[in-house]
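*Asks:* Sequence and predicted structure below; questions after.
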Amino acid sequence: MRPRIARKTTSPASCRAPCPRTSKSEGCGSNHWTGRQCDDCGEPLKDTVISFGDGLEDCVLRPAFEAAAEADACLSLGSTMSIGPSNQVVRIQRGPLIACVRQDTEMDALCRGTGGVRAYGDCDEFMYHLMVELLGPETFASWEASLPAKAAGYDAQRPTSGKKRGDIFVKKF
């Protein structure tokens, strides 16, 4: 049986009922557009990343809490899990909390108390080792070898003008 995984997704308004983002986020000022279109309907894709200053909409929080309540484990990468209400997601899950972040957090005791794992370090390094363990060395090597072609394909879909990878977003006050 595969475990349920909650993850960030991209989705246009006409597919898969995403959150109703308006033209720009009130908090950070970003429109959250990815520069790509949905393969199913052609609508622009928007990320679901919550930037500092963004509010958490009910349509983001509710599914996260529902998925956490049913999850076999909870994985937190690069977050101190200290800002609510999203930090409560790790408290309601029933399995072990697995956290990788560089500094001590308020949730370290929860990691120990749930029989989880608390890793101090870089998320990329942690995920490398986790993926090798989960996929096996040969499958992981094959997946890793496919990344340059995938990146080239994604880059080819980026718009020739507007926001590009590496652009720095600056909030204007």
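*Replies:* Cool, the structure landed. Everything numeric here is computed off the predicted structure, so don't read it as measured data. Residues are numbered from 1 along each chain as shown.

*Asks:* Tell me the secondary structure at residue 60.
*Replies:* Secondary structure, DSSP: H, G, I helix; E, B strand; the rest coil: residue 60 is helix.

*Asks:* Could you pull out the helices in the protein for me?
*Replies:* Applying DSSP state H to the chain gives helices spanning 58-70, 89-92, 108-113, 123-135, 137-157.

*Asks:* which helices and strands does the third one pack with?
*Replies:* If contacts are counted by 3 or more CB pairs under 8 Å, 6 or more residues apart in numbering; DSSP states H and E, helix 108-113 sits against strand 97-100, strand 117-119. To be clear about C-beta, it is placed using only N, CA and C from the backbone, and glycine gets the same treatment.

*Asks:* What are the buried residues along it?
*Replies:* 108, 110-111 (16 or more other CB atoms under 10 Å).

*Asks:* Check residue 50 and give its pLDDT.
*Replies:* At residue 50, the predicted lDDT confidence score is 67.

*Asks:* meant to ask about residue 53, not that
*Replies:* Residue 53 is assigned 68 on the pLDDT scale.

*Asks:* how many neighbours does residue 153 have?
*Replies:* For residue 153, the count of nearby residues is 9 (other CB atoms under 10 Å).

*Asks:* And it, how close does it get to residue 109?
*Replies:* 44 Å (CB to CB, to the nearest Å).

*Asks:* Could you do residue 80 as well?
*Replies:* 13 Å.

*Asks:* Now stretch 151-159: average pLDDT?
*Replies:* pLDDT averaged over stretch 151-159 gives 80.

*Asks:* my bad, should have said stretch 34-42
*Replies:* 78.

*Asks:* First-to-last residue distance for it?
*Replies:* Terminal residues of stretch 34-42 are spaced 13 Å apart (CA to CA, to the nearest Å).

*Asks:* Please apply the same query to stretch 61-79.
*Replies:* 17 Å.

*Asks:* what about the closest residue in space to residue 122 that isn't next to it in sequence, how many residues close to it?
*Replies:* Distances taken as CB to CB, 6 or more residues apart in numbering put residue 102 closest to residue 122, at 7.5 Å, once the chain neighbours are dropped. Counted by other CB under 10 Å, the residues lying close to residue 102 total 12.

*Asks:* for residue 102, what are its contacts?
*Replies:* 120-122 (CB atoms under 8 Å, 6 or more residues apart in numbering).
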